[in-house]
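1. Below is the structure, and that's it, no one-letter string:
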């Protein structure tokens, strides 16, 4: 059932790319954040922590008690994809500013009270990378569960979108982050999963003797 998750993500990448190419990123961002409402600001602030590395480490620990294979691939995918994201942020794209850099003095910008905005290192989004590593691993682990695939897709999109809602990133930042997260996770899953299966078979054979 994982084809549902991955096909939907690819479609979203294509649609998002069309919006990004057709409109200036600041103008597009202003249109997106018009969807914001004070009633859901706090929800978005708390939800964005799902893309925090500490939350992923918590999920890693949980999976240590469920399936060590999944836990190991989750951690490796997170470490490598995060390293790639941070390397890009601080080298090739170190001059890329976050939305607040451009909107701070814009009278039309609705600033959320008691929220800390950042202005530097916008591209790509580290939170989006982490979100898509997490939900891609979940989609792969529960690959036969159709409804869970939909849930994981919605979760990945929603929690990554919080970064745009909170003006911490532009749309292209989270799309780039999602691509890094998904591709690295798929790579590690395809590489390590067969090795773990062989190990499982060997352990079963040894246990019989």
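-> That came through, no problem. Fair warning: this is a prediction, and the values are worked out from it, not measured in the lab. Numbering: from 1, shown residues only.
2. what kind of secondary structure is residue 54 in?
-> Following DSSP: H, G, I helix; E, B strand; the rest coil, the label given to residue 54 is helix.
3. To what extent is residue 68 buried, counted in neighbours?
-> The burial metric for residue 68, expressed as a neighbour count using other Cβ atoms under 10 Å, is 11. (Glycine included, C-beta is placed from N, CA and C.)
4. Apologies, that question was intended for residue 167.
-> Residue 167, neighbours per other Cβ under 10 Å, totals 26.
5. ok, which stretches of the chain are strands?
-> In the chain, no strands are defined using DSSP state E.
6. so where is it shaky, pLDDT-wise?
-> 1-2, 196-209 (pLDDT under 70).
7. give me that answer again for 50
-> Within the chain, the segments meeting pLDDT under 50 span 202-207, 209.
8. In it, what residue spans correspond to helices?
-> Per DSSP state H, the chain carries helices over the ranges 2-22, 25-33, 38-47, 53-64, 68-90, 99-103, 126-141, 146-165, 171-208.
9. Among these, which comes closest to residue 114?
-> Closest of the helices of the chain to residue 114 is helix 38-47, at 8.9 Å (criterion: Cβ to Cβ).
10. Now that closest one: buried residues?
-> Within helix 38-47, the residues scored as buried using 16 or more other Cβ atoms under 10 Å are 41, 44, 47.
11. With stretch 15-30 instead?
-> Quick answer for stretch 15-30 (16+ other Cβ under 10 Å): 25, 28-30.
12. quick check, nearest of those to residue 4?
-> residue 28 (27.8 Å).
13. Correct me if wrong: that closest one contacts residue 18.
-> No - between residue 28 and residue 18 there is no contact under Cβ atoms under 8 Å: 11.1 Å.
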